[in-house]
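1. fold the following.
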Amino acid sequence: MPVHPCQKCGACCSSYRVSFYWREAEKKDSVHAVPQEFWEEGSGHYRVMKGTDSKHNPKCAGLGGKVGEWVKCSIYENRPSPCRNFAASYEHGVHRPRCDEARKKHGLPALRREDWEL
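-> The predicted model follows:
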């Protein structure tokens, strides 16, 4: 069975600050609440995924494995909206420059349409 290209990447989880509305981490407000041990208080009404607030070397606390080889989100079903909404380049036929930027930061080539022929 072919491996999803994102499972061999993880660059987005190690490139950007992940800030989300505080209620996404509340069990009474969210079916898929972000577990408390994976976030810290942000500013205002926001929380931040632990590890992503580092200016120079962000890496989400939920990311397991090695970027560019094999990765897995340990809270995939409970990941916050920025993670749910982040689309990989050409996953749905659309070029996504932020995916390309993250991959480039980690020395990975940009995804191509052909990479989605699973």
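
2. this protein: helices as residue ranges?
-> 81-85, 97-105 (DSSP state H).

3. average pLDDT for the last one?
-> Model confidence over helix 97-105 averages 97 on the pLDDT scale.

4. centroid-nearest residue for this structure?
-> residue 13 (4.0 Å; C-alpha atoms, centre = their mean).

5. wait, that residue touches residue 71, no?
-> Yes. Counting by C-beta atoms under 8 Å, residue 13 touches residue 71, with 7.1 Å between them. For the C-beta atoms, the positions are set from N, CA and C on the backbone; glycine is no exception.

6. so what's in contact with those two at the same time?
-> Common contact partners of residue 13 and residue 71 (C-beta atoms under 8 Å, 6 or more residues apart in numbering): residue 63.

7. quick revisit: would TSV of the helices of the chain with mean neighbour count and distance to residue 2 be doable?
-> Shown next, in TSV, are these (neighbours: other C-beta atoms under 10 Å; distance: least, C-beta to C-beta, whole Å):
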stretch	mean neighbour count	distance to residue 2
helix 81-85	14	22
helix 97-105	17	19
